[in-house]
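# all I have is the shape, not the residue letters:
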């Protein structure tokens, strides 16, 4: 049983070749945008044109985009935070309208974006039909062939070359989004504001700097998965001051996950464990005799954050975006402080 993992999934491309050929002309000039999916026109972007380097090449954006499609699983949040309403988004989990969660609804205007992808597949025909002038795939792990297909529709910015796919910090993705939208200074201001909120919480809870926190991912057949320190959830707790990188963890990470066998379960006996969970996972853990031998479990030093039902605390740290972090601080910090109060 596992929570949703922040890793690439082999996609089945849903594409009628003839439809794409009709939608994208030989010179790449878009037809008139469909009236059914309007988007507000952003203010004229500063710093345009801009060229953004990424893991799959470099992309030049000539003018402030007006019709943005987000393929990255959480990319819609930074777009919305910067005042742009995406016309298409990716559904990761929980089937929120337009893939917009409660922390982002206050920034959304107009009709809900059309869902053009999920964590397993991208519908190129839907993407092309929206006539985007920018495609963002920052919190993603596109392969070169996938990137090439999207770039044939509109300028596409892929994940950062500096980090593993799905491993870039939220600050990096927010800044890249701001650059792509011609709103870099606004992005920097948003980053500074959220970083200050995090710093305030961290300063109020100095005890966390002395505690090791493992962010758990999976439990199955006596084997346990721990998220990589680059995973957004682990980054969230590290930003709060927790130590999230015990010496044994990094060498074991493959595809965002470090595996611990039942024979090694004592590696999990640290100061804190955190799960982004659902009811099925909780039942599996209750029935797991090895897991329940851990002192951290018996002492009640484990936090379980549900990502499936409102208010979605687990989803907020799973996204770990410029919009979800302030919301997550409100949801998560009281629970962490409650654990601190236990003897």
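In hand now; what should we look at? Treat the numbers as computed from the prediction; the structure is a model and nothing was measured.
# how many other residues sit next to residue 292?
Residue neighbour count, defined by other CB atoms under 10 Å, stands at 11 for residue 292. In short, each C-beta sits where N, CA and C put it, glycine included.
# I'd like to know how far the residue lying closest to residue 168 once chain neighbours are set aside sits from residue 128.
With CB to CB, 6 or more residues apart in numbering as the criterion, residue 168 has its nearest non-adjacent residue at 4.6 Å, and that residue is residue 160. In this structure, residue 160 and residue 128 are 25 Å apart, going by CB to CB, to the nearest Å.
# if we can go back for a sec, show me what contacts the residue nearest to residue 168?
Neighbour list for residue 160: 54-55, 138, 168, 172-173, 176 [criterion: CB atoms under 8 Å, 6 or more residues apart in numbering].
# try it again at 7 Å.
For residue 160, the contacting residues are 54-55, 168, 172, by CB atoms under 7 Å, 6 or more residues apart in numbering.
# next: residue 68.
Contact analysis of residue 68 by CB under 7 Å, 6+ apart lists 79, 84, 86-87, 132, 134, 136.
# let's have the contacts of residue 160 in TSV, adding pLDDT.
Listed next are the contacts of residue 160 as TSV, based on pLDDT from 0 to 100:
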residue	pLDDT
54	98
55	97
168	94
172	98
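# which helix or strand lies directly C-terminal to the top strand by length along the chain?
Counting by DSSP state E, the longest strand found in the chain is strand 213-220. As assigned by DSSP states H and E, the chain's next helix or strand after strand 213-220 is strand 223-227.
# quick one: strands adjacent to that next one?
Strand 223-227 has its sheet partners listed here by DSSP bridges as strand 213-220 (antiparallel), strand 257-260 (antiparallel).
# in the shortest one, what's buried?
Taking 16 or more other CB atoms under 10 Å as the neighbour-count basis, strand 257-260 is seen to contain the buried residues 257-258, 260.
# thought residue 261 was touching residue 225?
No. In this structure, residue 261 is not within contact of residue 225 by CB atoms under 7 Å, at 11.0 Å.
# compare the two (neighbour count), which wins?
Legend: neighbour count by other CB under 10 Å for residue 261 and residue 225, higher for residue 225 (18 against 11).
# so the more buried one versus residue 258, what's the distance?
7 Å.
# buried stuff in whichever helix in the chain runs longest?
If you go by DSSP state H, the chain has its longest helix at helix 184-204. Buried residues in helix 184-204, counting neighbours by 16+ other CB under 10 Å, are found at 184, 186-187, 190-191, 194, 198, 201.
# and that helix, how far from the chain's centre?
Relative to its parent chain, helix 184-204 has a centroid offset of 18 Å by CA atoms, centre = their mean, to the nearest Å.
# would you mind pulling the contact partners of that helix?
For helix 184-204, contacts defined as CB under 7 Å, 6+ apart pick out 47, 81-82, 171, 174-175, 177-178, 239-241, 322, 325-326, 329, 333.
# avg pLDDT for that helix?
On average, the pLDDT along helix 184-204 is 98.
# just stretch 334-343 next, same as before
Stretch 334-343 comes out at a mean pLDDT of 87.
# between the contacts of helix 184-204, which has the most around it?
residue 177 (32 neighbours).
# output the contacting helices and strands for the host helix or strand of it.
Using DSSP H and E, residue 177 sits in helix 170-181. Here helix 170-181 touches strand 50-54, helix 75-81, strand 134-136, helix 184-204, going by 3 or more CB pairs under 7 Å, 6 or more residues apart in numbering; DSSP states H and E.
# make a markdown table from these and add distance to residue 217 to it.
Compiled in a markdown table, the helices and strands packed on helix 170-181 are given as follows (distance: least, CB to CB, whole Å):
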| stretch | distance to residue 217 |
| --- | --- |
| strand 50-54 | 26 |
| helix 75-81 | 22 |
| strand 134-136 | 26 |
| helix 184-204 | 23 |
